[in-house]
Each structure stands twice: as structure tokens, then as C-alpha cells.
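In: Okay, here's the prediction I keep looking at, along with the sequence it came from:
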Amino acid sequence: MLIGIDIGGTKCAVIKGEVENDEIKIVNKIKIDTKNISPEGALKLFKEKIIEISNGESIDAIGISCGGPLDSKNGIIMSPPNLLGWDNIKIVDYMKNAFGCACAIQNDANACALAEWKFGAAKGYNNVVFFTFGSGLGAGLILDGKLYSGTNDMAGEAGHIRLCDFGPVGYGKAGSFEGFCSGNGIAKLGALKATEALQNGKTVSYCTSFDDLDNITAKKIAEFANKGYEDAKEIYAISAEKLGYGLSIIIDILNPEIIVIGSVFARNYDLMHPIARKIIDKEALGHSSKVCKVVGAALGEEIGDWAALAVAKNAIDN
């Protein structure tokens, strides 16, 4: 039996998975609200819920998925911005002492990369890049059949790459990969175009007044784009073009077999993939681009559950 712990800013979950013929089945999940709980209190609560969900069965491994920064080698949570007060929390040692089994932790992008590699769209491949493409843009790398996290867990921070001198701010840098290719970045692009239109006495499909500017989201723009509104489709086209340029850099450097992209891209594959693929075929080295697929993530909204279990499975496999 495997146990996963998915740690978010205010909500967490403990997941139970069973292994059958090298396949994993999610059999139970307990959601936990940790918004007003101290790190120490959260650890005790995780322990209680693991005891409850395991129901006396032997635990093979515990996997933890959490936003960074982390020290995965030593199993320490190091002050993530969405977890105030979680400073140098030795969560892996705590779980090992509590349950006497293998335990590991990875940042959420690495954990999702493991999940798509072991259970999802990248199963069977040896060289994989996973991009989150949610509110931000992070990446997880599987190279030569192993998770690669870098010297100090900072590998895969592709969102920080600057693609243009000007553009939406993401990852603290204007014109960054994350600035153009994230839910927040697409919303900023949409707001910029809407403001320009409104100041010229016009409107756009997804925003008809200055009062509506704060309500612009990537989801709202996608709804209008999928209805055929050209101004909304243009926003996704800009993001998709920049995605193509960013992925071309990754393809030339890492020569992956498959790039798996989650969240916004996966939900809007038809809007984005043809444009991004056209840029890749033009920009990336031909020998590299022709062996690299670009696909949407397969695990959908449950990827956080699978990610935590994948970290547990990886702790056993390695």
C-alpha cells in the first residue's frame, strides 16, 4: 500500500493507493483544511489521517507533493511562499519515525512529472518534460529514466526564462516564459488588450467595460475563444506562439521524447497546440523536434493525488 500527502496552501489531502501488477489504484482520499493550523499541528493531523486511512495495513512508502522551495534530498520543506510559517520542516524524518517506511518529498512540478511518467501520458518514455501551465509555469524533468532535480532542487524553473524584453510579468520578470504561458499570464495579456480597446472607445468580447477588467481570467477568455470570437482567440494565439518558442529552447537543450503540459494547455489543446507545434517545427533543430511529441496531461484534475502517490512509488523504485 502507498500513501500520498498532497500539500497545498490551505487545503491538503491524504491519499491511499494500492499496487496491483505494477499498476496503482486510488482507493481512498481524505481532504484536510490546514488554513489555520501550525506546521506542527498539520504533521500530527497528517499522521492521524494516515493511521485512519491505512486501517492497520502495512505501508510500503509515503510520498509527499508540496510547493517549493524544498530540500528533497534531506526531506525538508523550506519556507514556500504559499505556506507561511513552514520554515525548515523536516517532514520526511517525521513520517519515517512515525511509520517506519520509505518516505520522500518532491515539489509539485517534479511530483506531477513523476505521475504523468508512471501513470499518465508519458508512461513508457525515458526522457520527459512536464509543464504545469496553471497559475504559474513550472517544469519537472525525467532524464534517462530518472527524475532530475538539479544541484539544489532548482532544475526545471523554465518559467524564469525571458522570451521578450516586454510582456506580462511572471516569476518576477517581464516577458518571461511564465508571463506569457500561465493562467495568470493569459489573464494579464487579456487585460492589456481589453484596456487598449476600451481606451480607444471599443470593447472586446470577454470585457465590455473598465469595471470588468478585474474579472478577466484565462478561463473566461477561453470560453469566448471557443465560441469563435477572434479577439479572444488572439490572446491564446499569442500565448501559444510564446509557448512554441519556449518549448523549442527546451527541445534543443534536452532532446526529450515527449513534453506533457497540464492545466490551461490541456483544457485548451485545440486552441494552442497547432500554433505551438508550428513554431517548434520552425525554430527547434529538426532532428530533435521530429522525435518529440507535445501532448496534454492525461491525469486531469486528479493529478495532485497521483503526484503524491508517484513520489511514494518512486521512493520504492529507486
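Out: Right, received. Where do you want to start? Residues are numbered from 1 along each chain as shown.
In: so where's the longest helix in this protein?
Out: helix 230-254 (DSSP state H).
In: Tell me the gap between that one and the middle of its chain.
Out: 17 Å (C-alpha atoms, centre = their mean, to the nearest Å).
In: likewise stretch 215-235?
Out: On C-alpha atoms, centre = their mean, the centre of stretch 215-235 falls 22 Å from that of its chain.
In: Just the C-alphas of that stretch, formatted as CSV.
Out: Presented in CSV, the C-alpha positions along stretch 215-235 are these (Å, rounded to 0.1, in the frame of the first residue of the first chain):
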residue,chain,number,x,y,z
ASN,A,215,-12.9,39.9,-13.8
ILE,A,216,-10.7,38.7,-16.7
THR,A,217,-9.4,35.2,-16.4
ALA,A,218,-7.8,32.7,-18.7
LYS,A,219,-11.0,30.5,-18.3
LYS,A,220,-13.2,33.4,-19.4
ILE,A,221,-11.1,34.3,-22.4
ALA,A,222,-11.1,30.6,-23.4
GLU,A,223,-14.9,30.4,-23.2
PHE,A,224,-15.1,33.3,-25.8
ALA,A,225,-12.3,31.9,-27.9
ASN,A,226,-14.1,28.5,-28.1
LYS,A,227,-17.2,30.4,-29.3
GLY,A,228,-15.2,31.7,-32.2
TYR,A,229,-14.5,35.3,-31.0
GLU,A,230,-11.3,36.4,-32.8
ASP,A,231,-10.2,38.9,-30.1
ALA,A,232,-10.2,36.1,-27.5
LYS,A,233,-8.6,33.6,-29.9
GLU,A,234,-5.8,36.2,-30.5
ILE,A,235,-4.9,36.1,-26.8
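In: residues in contact with that stretch?
Out: With C-beta atoms under 8 Å, 6 or more residues apart in numbering as the test, stretch 215-235 has contacts from 183-184, 186-187, 189-191, 193-194, 197, 204-207, 236, 264, 267-268, 271. Bear in mind the C-beta positions are built from the backbone N, C-alpha and C, glycine included.
In: where's the residue of the chain most remote from its centre, which helix or strand?
Out: Farthest-out residue of the chain from its mean C-alpha position, per C-alpha atoms, centre = their mean: residue 201, at 38.6 Å. Under DSSP states H and E, no helix or strand contains residue 201.
In: so what's it scoring on pLDDT?
Out: With respect to pLDDT, residue 201 scores 96.
In: Residue 191 too?
Out: 97.
In: Is residue 64 in a helix, a strand, or coil?
Out: strand (DSSP: H, G, I helix; E, B strand; the rest coil).
In: beta partners for it?
Out: residue 5, residue 105 (DSSP bridges).
In: Give me the phi and psi for residue 311.
Out: For residue 311, the backbone dihedrals (degrees, to the nearest 10) come out as phi -60, psi -40.
In: now residue 274
Out: Residue torsions, per degrees, to the nearest 10, at residue 274 are phi -60, psi -40.
In: about what we covered before: using PDB, write out every CA atom in whichever helix or strand comes after the longest helix of the chain.
Out: Per DSSP H and E, the first helix or strand lying C-terminal to helix 230-254 is strand 258-261. Below are the C-alpha coordinates for strand 258-261, written out as PDB (Å, rounded to 0.1, in the frame of the first residue of the first chain):
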ATOM      1  CA  ILE A 258       7.700  13.800 -25.000                       C
ATOM      2  CA  ILE A 259       6.600  17.100 -23.400                       C
ATOM      3  CA  VAL A 260       3.500  16.800 -21.300                       C
ATOM      4  CA  ILE A 261       1.600  20.100 -20.500                       C
END
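In: Which other helices and strands does strand 258-261 contact?
Out: strand 128-131, helix 230-254, strand 293-296 (3 or more C-beta pairs under 8 Å, 6 or more residues apart in numbering; DSSP states H and E).
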